[in-house]
Every structure is written in structure tokens, then in C-alpha cells.
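In: The sequence and its predicted three-dimensional model are supplied below.
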Amino acid sequence: MDLSIWIVLIGTALIGICAALVGTFTFLQKKSLIGDAISHSILPGIVLAYMLSGQRTAWGLMLGAFCAGWFATQQISWLQWKTRLKSDTIVAATLSMFFAFGLALLSYIQGRPDDGQAGLGDFLFGKIAALDIRDLYLFLGISTVIIIAIFLRYRVMFSFAFNREFMISKGFSLRWNDFILNSMTILVVTMGVQAVGVVLMSALLIIPVLSARMLTCRLSQILLFSVLLGTFSSLLGSYISILGANIPTGPCIIIILSACAIIIALTVKLQSKRKSHGK
Amino acid sequence: MENDVLMVLTACSVAIPASLLGVLLVSKSLVMVGDAISHAVLPGIVVAYLLSGTRDSGPMLLGAAVTGFLTTFLIDFLKRKWQIQEDAAIGFTFTFLFATGVLLIALFAGKNSDLDQECVLYGDLETSILDQVVVGGYLYGTRAILQLLPLTIVLLLVIVFGFKGWKIWVFNPDFGSFIGIPVRLFHLTLMLLLSIHAVLSFESVGVILVVGLLVLPAATALQFSKTLSRTFYYSACIGIISCILGVLIGKWINISISPLIVCVNGLIFLVSVILSPFRRKTGQEQNAANPGFQEYKN
């Protein structure tokens, strides 16, 4: 195998690991759909960064994506403070506004003659084969930051997920905790959109944790299983999409992930049924 | 000029039923289920297209109805039987179905067919108005208008005649089932109408932007109205206004119109939030109802 395939495989493995780690905590705090909102709303950031810088560099696009994701979370919390709407309405409204703005910008630069924007369409469904060595360094940096942050704040985030009132009464800052979790989600999403695209990114955050949760109830084991599952299916999915000529990476990974989840769920249910019959 | 009028009419024919459906979704906090259904009709559309080989609306409606129900049942099943929390159940269901749809398009509907990713996902208002229905030299309208008009009429009839039922379904379903109103039937009717709407409108606005048309007018209307019936009126009016503005601005700076309509809608929503006469939550109330960032209602 040559270098480019190794780059792609290492890149997807990193995405799978980080998405599963961060996804566990968003899942436990019942904020899974925030991941969906963030992944849709980074589209205008990517397009604006491209329009301002005039080229497709990973650093610029990721900076744009990060800013847009941050704006979206700020808008969500502003709307929650200002209006009486329910949170799912607020999330859906923010998501659709940002995504529509991104699409409008995309159609604006596609109308211009000097196009180099062919690569931008890949962000919608992901094209892992476009990854190069500089992207990989960036990925490595981001995943190191995320893994260190989770390692350091493991106990605090664990306690916040299960007993928020207790942590607040102990004097831990809820806003700070939410800020860290949101920033990690935004970082993972900006990384992952290159592989699976903005539409399906939320699945990488949700499905591995969902299936790990069925297998076990201990947080450390949930983390372990979801990391394994996320890594395995993103590797397999990207490998298949490299082999096949016309297969988009994102949907391929998600289908494999969902198939694993369904198999795990069925096995667990069958076993528990057998046990209850045994009694 | 004639084209502009046609475009506004086509956009309105998508936006009016969407804004009416949206009011029900928002007040029942089912928005994410609506989002899931509009994503999940994609495999239904693709399978119907592959089996029938045409883009006729008959098979596609059938496919959409099937996938719409499938989504509803799957979310319900995961939530009740397997005790998965609601947000995760929704996230799993729609990403799985959506990925299936995209993969099916990539594998089977090749580049030459008239069903490609871009067209299904984003839609194109500019080309959908070229599909005109002309009988005996008179222009009756575009195909989208003629398809969505019956849906709008049915929706209006369902809302007007079942208004008390909808009210009970939204605000107190337990009381409704106690006095013998088929609450479950109302829920399923809404989901059916939603999936039919998603299919009929995917050519003009695409399956992803539909959620914006559903949620934004209703959310805007709720900033000003205090009763359900007024919310319906306001929501439809805001839908129409944003269509007209969207088409005008889109013509002026020459960018794609359907995302622009949602953008205009979003701007109206933000302005309405700032101008809203209702007082915001007091500090205590907010802390009690919503500690911190987010909590999904079940």
C-alpha cells in the first residue's frame, strides 16, 4: 500500500476515535442533536473561509468552520435565554438558517467564472481520498487536544452527565463545562466533515455510543466499546469507498456503523430473552 | 416577469402547507421528528424511482408514505421497546435511512439518469418552474403547484374540521384519549401529510431545506400570537412574505432561490425575536425549566 492510503486510513481512524469519545458525553447529557445542528451550521463557515482566502487550505477552512459552529451554539443559547420556544425548535431553526445561508453562498461562488470550488462540494458528503499529509498533522493535533481534555476532565464530565445539580452545588461551573463540551463537539465535527460530510456527521457521534450503551452500563466500558466500533467502521467504510469508484465515503461508513449497531442490538435482545426464559 | 410570478407561486405552494404543518410540529415539539421524516423519505423516493423507472408522482408518493411511517414506527419502537433516549433514536433512524438513500443513488442511479444527488438534496426552484402544464394553449401552472394544491386543500380541510381535536392533541392528549378522541390517529395523519409534503416538494426545495420552511414561520408566528388559530394565520402569512422577498432578492443578486427563501425566513425570525412583545423568561424560571444549555423534552 502506498503512502496516500495510509494517510487516509490513519485520518479516518482518528476521526472515529474522537467522534466516539466526544459523542459519549453529548449522548449522556442528552444533547446528541446538538452535533447535528453544529455539523449543518459549519457549512457557511467553510464557504466564507474559501471566499475570503481564495484557496482551499485545511487550516483556513477549519478556522471558518470553527467560527461558524461557535456562532451557531451562541445563537442557540441566546434564543434559549430570550424566547419561550422549546429547545428542539430552536435547534432546528438555527440549523436550517445556517445551512441555507451556506447553500446560498455556495450557489453564489458557483455562479462566478473563476471557480476552484469543486472541492467544496465534497464537504457535503465527504471525500476521504482528498486527505493529504498536512491535513493529517492538523488531525493529529486536534485529536491530541481532545484526548488530553477528556483525560483531564473525565471525572468532572462524568459527574455532570449523571448528577448536574450536585456538581453545581459543589461549585463547579456549568457554563464552563458546557463550553468545553461544545468546543470539543465543534472540533470533532470540523474534523469529521472531511470524511463523512456535514449531513451525516451526527451519526458518527451517536451510533457508536448507542450500541456501546446496549452492551454495558459502565462509562469506561462504553467509551472503550464505542471507540472500537467507531474506529472499525470508519476504517472499513473508507476502505470500501476507496476501492469502489463511485461510492461516497460518508454514507458507506454510516451504513456499516448502523449494520453493526443493529447486529449488536439484536444479539443483546436475544440473549436477554434467553436469560429471562431460563429463569 | 411571468416567470417571476410562477416562481413565487411555486415557492408559495411549498411554503404554505409547510408553515401550517410546522405550527403543529412546533407546538407539540415534534420538530426533530419532522426533520427526520423529511430526510428519511429519500430512500423511498430512490427505490420508487428505481422500480418504476419514472419520476411520476404515484410510485414516489407510495414510497414516501411507506418510509414516512417506517420512520415514525422505528423511532417509537427504539424509544419504547429498547429504551433509547429520544434524541439518539431520532438521530440513528434518520441518518441510517438517509445514508441508504444516498448510497442507492450513487450505486444505481448513474450520472445519466435525471435523479442525481444535487437535485434531490437541494432542489432547484429555477428548473422546477420549467415543468409547466399547458392544456389547450392555456398555462395552468407548474407541475409542483398542481401537485401541492390538493395537499394544501386536504390539509386545510383536516385542520379546519378537526381543529378542536388538534387543539386537544397539542395541549392535553391524556384528556383527549380519556374522552375518546383517537389521539394516535391525529399523530399518524400528521406524519402521513408530512411525508407526502416532503416528497412533493423535494424537486423545488430539496429534502434538507424543508425543515427550515417547516419550523421558521411557525417559530416566528409564536413570537406574536397567543392562540393556536392565530398562529396558523401568522405562520402562513410569514411563509408567503418570505417567498416573495426570497424570489425578489434572488433575482436581484442572481443566486439560488430556495436557500435564499429560508435565509429570509431566518432573518424575519431573528427580528421577530428581538421585537417580540412577550417578556423573556426570568432568571429563576429559566433555571428551573432549563438548567444550563439544553434539555430535550420527552
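Out: Looks like it arrived, so ask away. Residues are numbered from 1 along each chain as shown, chains lettered A, B, ... in the order given.

In: Please make it C-alpha for all contacts and neighbour counts, starting now.
Out: Fine.

In: tell me how far stretch A:7-19 is from the chain's mean position?
Out: Put simply, stretch A:7-19 sits 12 Å off its chain's centre (CA atoms, centre = their mean, to the nearest Å).

In: Stretch A:66-76 now?
Out: Centre-to-centre, stretch A:66-76 and its host chain are 15 Å apart (CA atoms, centre = their mean).

In: buried set for that stretch?
Out: By 16 or more other CA atoms under 10 Å in any protein chain shown, the buried positions in stretch A:66-76 come out as A:66-73, A:75-76.

In: and of the residues you listed, the nearest to residue A:214?
Out: For the buried residues of stretch A:66-76, the closest approach to residue A:214 (CA to CA) belongs to residue A:73, at 29.5 Å.

In: Briefly note if the one helix or strand that closest one maps to comes near chain B.
Out: Using DSSP states H and E, the element containing residue A:73 is helix A:58-82. Yes: Helix A:58-82 is in contact with chain B by CA under 8 Å from any CA of the partner chain, via A:77, A:80-82.

In: TSV please, covering these and showing pLDDT and neighbour count.
Out: As requested, the residues of helix A:58-82 next to chain B are exported to TSV (pLDDT from 0 to 100; neighbours: other CA atoms under 10 Å in any protein chain shown):
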residue	pLDDT	neighbour count
A:77	84	17
A:80	82	22
A:81	81	18
A:82	79	18
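
In: Neighbours of the nearest residue to residue B:108 once chain neighbours are set aside, how many?
Out: Leaving aside its chain neighbours, residue B:108 sits nearest to residue B:50 (7.8 Å; criterion: CA to CA, 6 or more residues apart in numbering or on different chains). Residues near residue B:50, counting by other CA atoms under 10 Å in any protein chain shown, number 16.

In: what's the pLDDT at residue B:50?
Out: Looking at residue B:50, its pLDDT is 80.

In: Which stretches in the stretch 101-250 of chain A count as helices?
Out: A:122-125, A:133-162, A:164-169, A:174-215, A:219-243, A:249-278 (DSSP state H, counting those that start in this stretch).

In: Just say which of those helices is most tucked in.
Out: helix A:174-215 (a mean of 25; mean count of other CA atoms under 10 Å in any protein chain shown).

In: Is that helix positioned near chain B?
Out: Yes: legend: contact between helix A:174-215 and chain B by CA under 8 Å from any CA is shown at A:174-175, A:178, A:200, A:202-203, A:206-207, A:210.

In: Pick out the most distant pair among those residues.
Out: A:174 and A:200 (28.9 Å).

In: Pretty sure residue B:141 sits in a strand.
Out: Yes: according to DSSP: H, G, I helix; E, B strand; the rest coil, residue B:141 belongs to a strand.

In: Spell out which parts of the stretch 51-200 of chain B neighbour chain A.
Out: Proximity of the stretch 51-200 of chain B to chain A (CA under 8 Å from any CA) is limited to residues B:84-85, B:87-88, B:91-92, B:95-96, B:99-100, B:102-103, B:106-107.

In: for chain B, which spans come out with low pLDDT?
Out: For chain B, residues meeting the criterion pLDDT under 70 lie at B:1, B:54-57, B:109-123, B:134-140, B:278-298.

In: try 90 this time
Out: Along chain B, the parts satisfying pLDDT under 90 run over B:1-15, B:24-213, B:221-233, B:243, B:246-262, B:272-298.

In: what residues does stretch A:267-279 touch?
Out: Here stretch A:267-279 makes contact (CA atoms under 8 Å, 6 or more residues apart in numbering or on different chains) with A:214-215.

In: Alpha carbons of it, in PDB - could you do that?
Out: This file holds the C-alpha atoms of stretch A:267-279, laid out as PDB (Å, rounded to 0.1, in the frame of the first residue of the first chain):
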ATOM      1  CA  THR A 267     -27.800 -10.200  19.900                       C
ATOM      2  CA  VAL A 268     -28.300  -8.400  23.200                       C
ATOM      3  CA  LYS A 269     -32.000  -8.600  23.000                       C
ATOM      4  CA  LEU A 270     -31.900 -12.300  22.000                       C
ATOM      5  CA  GLN A 271     -29.600 -13.100  24.900                       C
ATOM      6  CA  SER A 272     -31.600 -11.200  27.400                       C
ATOM      7  CA  LYS A 273     -34.700 -13.100  26.200                       C
ATOM      8  CA  ARG A 274     -33.000 -16.400  26.600                       C
ATOM      9  CA  LYS A 275     -31.900 -15.500  30.100                       C
ATOM     10  CA  SER A 276     -35.400 -14.500  31.100                       C
ATOM     11  CA  HIS A 277     -36.700 -17.800  29.800                       C
ATOM     12  CA  GLY A 278     -34.100 -19.700  31.800                       C
ATOM     13  CA  LYS A 279     -35.400 -18.100  35.000                       C
END
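
In: Quick one: distance of that stretch to the chain centre.
Out: 34 Å.

In: ok, now stretch B:84-101?
Out: Centroid separation for stretch B:84-101 versus its chain: 17 Å, with CA atoms, centre = their mean.

In: Skip ahead from the helix ranked longest in chain B and say which helix or strand is next.
Out: Among all segments of chain B classified by DSSP state H, the helix with the greatest residue count is helix B:183-221. Next along the chain after helix B:183-221, taking DSSP H and E as the criterion, comes helix B:228-253.

In: mind checking the backbone torsions on residue A:217?
Out: When read as degrees, to the nearest 10, the backbone of residue A:217 gives phi -110, psi -10.

In: Distance from the chain centre to the longest helix of chain B, please.
Out: 2 Å.

In: Name the residues of it that are buried.
Out: In helix B:183-221, counting by 16+ other CA under 10 Å, buried: B:183, B:186, B:190-221.

In: Strands along the stretch 1-150 of chain B, start to end?
Out: Using DSSP state E, counting those that start in this stretch, the strands of the stretch 1-150 of chain B run over B:132-135, B:138-142.

In: ok so, going back, let me have the residues of helix A:58-82 next to chain B in a markdown table, adding distance to residue A:268 as columns.
Out: Shown next, in a markdown table, are those (distance: CA to CA, whole Å):
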| residue | distance to residue A:268 |
| --- | --- |
| A:77 | 38 |
| A:80 | 39 |
| A:81 | 42 |
| A:82 | 44 |
